[in-house]
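# Sharing a sequence plus its predicted fold:
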Amino acid sequence: MTDAIRRLLAEPAPVSAPALLGATITGRGVSIRITEVEAYHGPTDPGSHGHRGMTERNRHLFGPPGTLYAYRSYGIHTCVNVVSGPEGVSAGTLLRGGEVVDGLATARHRRGPRPADVALARGPGNIGVALGAALGTDDGTSLLDGSGPFVLTLAPGLEARLASASPAAVVEELLAETGVDDVPRISRGPRTGVGGIAGGAGFPWRFWLTGDPTVSTYRRHKGALD
């Protein structure tokens, strides 16, 4: 584990999540560049699995920064989250979309022949399938020290930036960066499929690389409230 990623993940998920865009998660023969994430912060976030306290099912969300927290979506797919913030707080970032940059054949074998390459890891359930993530064995493992099945690596150049400035300052810079025609490089907005106020404009904690074809389609929950 590098000091830079340790310092980044010590921050609450809404702060650290944008800096995970462009990072790579690698394991079980596949590497995925992360292009879309959602932050959840248990103590103040009614959309978080940890909002009402620790249970046997969500206990790893309360673990140390850099822990993999996994859960089953709709009883089908395993979704992968990166725990952040102080241990015991229940903050984490859901990996929602990504580009398979290595192990394409392995990812396709797991996803089947129909999805296009850009869709192999589009959506949180599809990331889990492409990686071969398993709920019973991967939940609670480390993403940082090599002891678990997956390793998280920050985007090129980000460690150097984090070495010379606070994580919050670096993330502020990332969110202010623009590309062609002054379009923000990183976009943000309400979270997908979350009901109540947690799915509204008051929680703009979904972040994605603007224009990237591997980002999933936003679907507002019919019960979301602004």
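Received the coordinates, thanks. Numbering: from 1, shown residues only.
# okay, CA-based contacts and neighbour counts for the rest of this
OK.
# now the closest residue to S147 other than its chain neighbours: how far from G128?
Among residues not flanking S147 along the chain, T141 sits closest, at 7.4 Å (Cα to Cα, 6 or more residues apart in numbering). T141 sits 15 Å away from G128, going by Cα to Cα, to the nearest Å.
# what's the answer for R59, then?
As judged by Cα to Cα, R59 and G128 stand 19 Å apart.
# Run a quick neighbour tally on T55.
Other residues within reach of T55, judged by other Cα atoms under 10 Å, total 12.
# Just the element for it, please.
Applying DSSP states H and E as the criterion places T55 outside every helix and strand.
# Would you mark the buried spots in stretch 26-36?
For stretch 26-36, burial by neighbour count (16 or more other Cα atoms under 10 Å) applies to 26-27, 30-36.
# Let me have these in JSON lines, extended by secondary structure and pLDDT.
Formatted as JSON lines, those follow (DSSP: H, G, I helix; E, B strand; the rest coil; pLDDT from 0 to 100):
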{"residue": "T26", "secondary structure": "strand", "pLDDT": "98"}
{"residue": "G27", "secondary structure": "strand", "pLDDT": "98"}
{"residue": "V30", "secondary structure": "strand", "pLDDT": "98"}
{"residue": "S31", "secondary structure": "strand", "pLDDT": "98"}
{"residue": "I32", "secondary structure": "strand", "pLDDT": "98"}
{"residue": "R33", "secondary structure": "strand", "pLDDT": "98"}
{"residue": "I34", "secondary structure": "strand", "pLDDT": "98"}
{"residue": "T35", "secondary structure": "strand", "pLDDT": "98"}
{"residue": "E36", "secondary structure": "strand", "pLDDT": "98"}
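# Looking at these, spot the one nearest G75.
Nearest to G75, judged by Cα to Cα, of these is E36 at 22.3 Å.
# before we move on, back to that, T141 and G128: which has the busier surroundings?
Between T141 and G128, counted using other Cα under 10 Å, the more crowded position is G128 (24 against 20).
# could you say what helices and strands whichever strand or helix holds that one packs with?
G128 is part of helix 124-131, with elements assigned from DSSP H and E. Identification of packing neighbours for helix 124-131 by 3 or more Cα pairs under 8 Å, 6 or more residues apart in numbering; DSSP states H and E yields strand 30-41, strand 77-84, strand 91-102, helix 104-111.
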